[in-house]
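Asks: pasted the sequence and its predicted model underneath.
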Amino acid sequence: MAKAEFISKRPARLIAGKKTLKSSFFVLEIFSFTTVVAALTVAAGIGICQHAPNEVLSRGGALADETWCDDLDILVISHDPHDTMIVCEGARDAVVFLESHGLDVSGEIVIELRTELLEVVSRSAAGCYIESERRVLILVYSAFKKFKTWFGIPIDRSLFRSVVSHEVAHLVADFNFTISKPLIQAKEYIAYITQFSTMEPKLRERVLSNFPYKAFENDWQMSTTIYMLDCMSFGARAYLHFIRLTDGNEYLHAILNGEALIE
């Protein structure tokens, strides 16, 4: 997390525990331009998917540990303690950043790590946000690393952590939207600026060096088409747009209230 930009009020320690909760979550995937079919929507790089009503969603694997991130209402379901630690850190980064911009971060978050995702999800996906259940499934780190690169640089745990931040930002934004059907670019703008803002400065610099594009100048440039054609470029340009704003907090709330990034 880029500590120079905002100060975390949350401790880094983890405590274990068990509790039954309503699942809540989000999607990251490497670009794969596919046809939108029925209830399933998969967007390039980062997107949203919805399962068919009759599809049974089971938790990924038996005997997974359920760990609560300390001082956060975030439950991580995972077989790997190291993965769990990284996920808690990435989730905390997102929560602290968004809370600093006045968003309500009090909603429950459950993050399930799996070796495989749902059959309806593209094989290029690293995770999936099921909007109808507010449920997030994310690949375990060992599976995510098989993609080799992300944002054009070799995958490491810092990038994995940023994926979690992106997904948790989707969830928090979902709790905070005051409009019923925000555009995908509105959702992704918030997720990407959270992801980039919480990266360590050196990592962010490496990532941005692979996207030598100018910042978006206005809302009309941030179209669904631009996002679908190159989602990661969209993310980089969105972040550059955000840091140039006179009042980023005001713009974020304009998005959440349906006053920005609308048709």
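Replies: Nice, thanks for sending it over. Here the structure is a predicted model, which is why all the values come from computation and not from measurement. Numbering: from 1, shown residues only.

Asks: switch to C-alpha atoms for all contacts and neighbour counts from now on
Replies: Fine.

Asks: give me phi/psi at residue 112?
Replies: Note on residue 112: backbone dihedrals following degrees, to the nearest 10 are phi -110, psi 120.

Asks: report how many residues lie close to the closest residue to it other than its chain neighbours.
Replies: Closest residue in space to residue 112, ignoring its immediate chain neighbours: residue 77 at 4.7 Å, by Cα to Cα, 6 or more residues apart in numbering. By other Cα atoms under 10 Å, the residues close to residue 77 number 25.

Asks: go on, residue 177?
Replies: 19.

Asks: that one - nearest residue in space that isn't next to it in sequence?
Replies: Residue 177 sits nearest to residue 256 (Cα to Cα, 6+ apart), 4.5 Å away.

Asks: for residue 188, see how far away that neighbour is.
Replies: Relative to residue 188, residue 256 is positioned 12 Å away (Cα to Cα, to the nearest Å).

Asks: would the residue nearest to residue 112 count as being in a strand?
Replies: Yes: with DSSP: H, G, I helix; E, B strand; the rest coil as the criterion, residue 77 is part of a strand.

Asks: show me what contacts it?
Replies: 64, 65, 66, 67, 84, 110, 111, 112, 113 (Cα atoms under 8 Å, 6 or more residues apart in numbering).

Asks: bridging residues for it?
Replies: Counting by DSSP bridges, residue 77 is bridged to residue 66, residue 112.

Asks: per-residue confidence for the closest residue to residue 220 other than its chain neighbours?
Replies: Nearest non-adjacent residue to residue 220, counting by Cα to Cα, 6+ apart: residue 261, 7.7 Å away. Note for residue 261: predicted pLDDT of 95.

Asks: and residue 3, by the same measure?
Replies: In this model, residue 3 carries a pLDDT of 38.

Asks: let me see the contact set for residue 147.
Replies: residue 155.

Asks: related to what we said a few turns ago, got a list of what the residue nearest to residue 177 touches?
Replies: Here residue 256 is in contact with 173, 176, 177, 178, 179 (Cα under 8 Å, 6+ apart).

Asks: what about these, which are in helices?
Replies: Mapping those onto helices (DSSP state H) picks out 173, 176.

Asks: quick one, which of the contacts of residue 256 are buried?
Replies: Buried subset of the contacts of residue 256 (neighbour count, 16 or more other Cα atoms under 10 Å): 173, 176, 177.

Asks: which residues does the last one contact?
Replies: Which is residue 177. 255, 256, 257 are the contacts of residue 177 under Cα under 8 Å, 6+ apart.

Asks: run through the helices of the stretch 51-200 of the chain in chain order.
Replies: 81-100, 141-144, 157-176, 184-197 (DSSP state H, counting those that start in this stretch).

Asks: in a markdown table: those, plus distance to residue 129 and mean pLDDT.
Replies: Conversion of those to a markdown table gives the following (distance: least, Cα to Cα, whole Å; pLDDT from 0 to 100):
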| stretch | distance to residue 129 | mean pLDDT |
| --- | --- | --- |
| helix 81-100 | 15 | 95 |
| helix 141-144 | 16 | 94 |
| helix 157-176 | 8 | 92 |
| helix 184-197 | 12 | 96 |
